[in-house]
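Asks: Everything below, folded, please.
(one chain, ligands or ions: 3)
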Amino acid sequence: MRATLLFLFLFIISQFSTAQETPKDYLSGDFHKERREALRKLMPKNAVAVFFANPVRNRANDVDFQYHQDPDFYYLTGYNEPHSVLLIFSDWQESATGEKYNEIIFTQSRNPQAEMWTGRRLGAEGAETKLGFKTAVDHQKFKDYGLEFKQFSKVMFFDFQNDIRDERGEADLYDLQQQFKQKANIPAGFSGMTHRMHQIIKDEKMNFTQKKESLYRMTRFNPMALNDPIIKDFMEVKDNEQAMKLIAKIPNNNLDVELLDGYMDQLREIKSAEELKLLRKAVDVSCVGQMEVMKAMHPGMSESEIQGIHEFVFKKYGSEYEGYPSIVGGGQNGCILHYVENNKPKVGNELVLMDLGAEYHGYTADVTRTIPANGKFSEEQKAIYNIVLEAQNAGFEACKVGNDFGAPDRAAREVVNRRLAELGLIKSGEQHSYFPHGTSHYLGLDVHDRGTRDKFKPGTVITVEPGIYIPEGSPCDKKWWGIAVRIEDDILITADGWENLSARAPRTVEEIERVMAMPSPLDDFVLPDLDGKKN
Ligand code: GLY
Ligand code: MN
Ligand code: MN
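Replies: Numbers count the residues shown, from 1 in each chain. Ligands and ions are numbered 1, 2, ... in the order given. This is a model prediction of the structure:
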């Protein structure tokens, strides 16, 4: 009896201490299960959707990059390990032993030796108990698992990257993909792009001219596709009669590399309350990062030091990653849209463009603030800044249910063009390259998230991020050279308007200057000189 009590006590303590060890605010197993149901409802009858986990990427020698799961795979499973396959069936299947299942995950094997070096693994049992899968199987069994892919009307998957050789495991991603190709009768040298083009050539709903135009566009971006004899010949045929002869040569199969993209775009575009909670946290954390940097900033700081303060704040709040490589560009460096070197030793008296987003439990923010390193905007900096601010405000107002995806961009661009002409940087109506990127993208598990680019719906989160970049040598007065401003906020489209999720990060000239004048806890954080002169 005493032994039983002692065991019970130890069991409770161990549960309690495990409960203390990991955050509890991940997406729930029910969320992922419901998302698989939602996908199943979109799928054609008698089809299977096949998803692979992201590959492990080697950094150098025996060191890999920190693992990051493929966002579609994470959305549907919550599983954060590599070398895994997920199958979702539109109809019930029956195993050799008579069990019914309509989804199955193959997970990497438990392995105490490997887990000692590279971390804990859930194993199939953990996928059932912790992620709520009814059918989870060790990935080594995928090879001989009784699945007849030819019985399905459609076998849907994303095109293969074909660069994932990693022969260290018993059933690594490379093996799993090879096994799938064999089971599903995927021909050697299969290319998703070529397959898509063949489908277009065969499409009975398209006329000859539409097919020609589509293929012309696709081959311009993928010239290697012209190595395929059918595509090459199709680009040369003159009429539908000749095209029909080619169509007869295209093999019939049940493979599809297009439908899943559309389904995942639809599903991931709309965020549930559970997702929004995590996304809000990622955005809040990123805004605090911006605020703390504003307080701490001085002209003697380096770009990487500024980056480090943001990223320290992200970690302090439990963010696992940055959602994308951090961008901290002083002066002219801000003109490089995705500048990631961040190696200028002193930002001096210029503007510093800071585009950084914390990733919290998968969801990433994307917030940009541009601030004067010395705490005060010059006249020229302020003039450009206020144009971008006005353009952004116009973009916000276009974030309404029913508006099309391009509406914020048109609104922001109209302001930039008009105001730049008023300032004399361009002539009215003149084409220019001072605003060379789009204004919005979806935001979620990916920084450039999935979405349909259709009319706005409630629950959609997009960025609104106009910018003006005036590199040295631009055809305008030299006083504008080196000014680069982007302001980027994360906007939730609601049933009756929009909400700025990143409103907490100071955005106007006055707010920024006020916060920059505040003391920072980092003012007292003085590190020793490495040459030993000071301590
Ligand atoms: N941070 C990348 C972007 O704004 O799209
Ligand atoms: Mn962005
Ligand atoms: Mn950004």
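
Asks: Quick check: nearest residue in space to the residue in the stretch 301-450 of the chain that ligand 2 sits nearest to, chain neighbours excluded?
Replies: Across the stretch 301-450 of the chain, the shortest distance to ligand 2 (CB to the ion) belongs to Asp366, at 4.1 Å. Using the backbone N, CA and C atoms, a C-beta is placed for each residue, glycine as well. Distances taken as CB to CB, 6 or more residues apart in numbering put Gly357 closest to Asp366, at 4.5 Å, once the chain neighbours are dropped.

Asks: returning to what we had before: so the residue of the stretch 301-450 of the chain closest to ligand 2 touches Ile487, yeah?
Replies: No. In this structure, Asp366 sits apart from Ile487 without contact. The criterion is CB atoms under 8 Å, and the distance is 12.0 Å.

Asks: tell me, what's touching the two both at once?
Replies: With contacts taken as CB atoms under 8 Å, 6 or more residues apart in numbering, the residues that reach both Asp366 and Ile487 are Glu465.

Asks: give the contact list for the residue of the stretch 1-150 of the chain found nearest ligand 2.
Replies: When you check the stretch 1-150 of the chain against ligand 2 by CB to the ion, the closest residue turns out to be Pro71, at 15.9 Å. Contacts were defined as CB under 8 Å, 6+ apart; by that measure Pro71 touches Arg268, Gly362, Gly444, Leu445, Asp446, Arg450.

Asks: Check Ser326 too.
Replies: So, once contact is read as CB under 8 Å, 6+ apart, Ser326 ends up touching Gln307, His310, Glu311, Val340, Asn342, Asp355, Leu356.

Asks: go again using 10 Å as the cut-off
Replies: Ser326 sits next to 289, 303-304, 306-308, 310-311, 314, 339-340, 342, 354-357 when contact means CB atoms under 10 Å, 6 or more residues apart in numbering.

Asks: which of the residues you listed lies closest to Ser90?
Replies: Within the contacts of Ser326, distances to Ser90 taken as CB to CB reach their minimum at Gly357, with 35.7 Å.

Asks: and the gap between the residue of the stretch 1-150 of the chain closest to ligand 2 and Ile230?
Replies: The span separating Pro71 from Ile230 equals 34 Å under the rule CB to CB, to the nearest Å.

Asks: and the nearest residue to Asn333 once chain neighbours are set aside, backbone torsions?
Replies: With CB to CB, 6+ apart as the criterion, Asn333 has its nearest non-adjacent residue at 5.2 Å, and that residue is Tyr339. Torsion angles at Tyr339 (phi, psi; degrees, to the nearest 10) stand at phi -70, psi 120.

Asks: you'd agree Tyr339 is up against Leu353?
Replies: Yes. Here Tyr339 reaches Leu353: they are 8.0 Å apart, a contact under CB atoms under 10 Å.

Asks: Now the common contact residues for those two.
Replies: Among the neighbours of Tyr339, those also in contact with Leu353 (CB under 10 Å, 6+ apart) are Ile327, Val328, Gly329, Gly330, Asn333, Ala484.

Asks: Need the pLDDT of the closest residue to the first one other than its chain neighbours.
Replies: If the residues on either side of it in the chain are set aside, Ile327 comes closest to Asp355, at 4.0 Å by CB to CB, 6+ apart. Reading off the confidence values, Asp355 has pLDDT 98.
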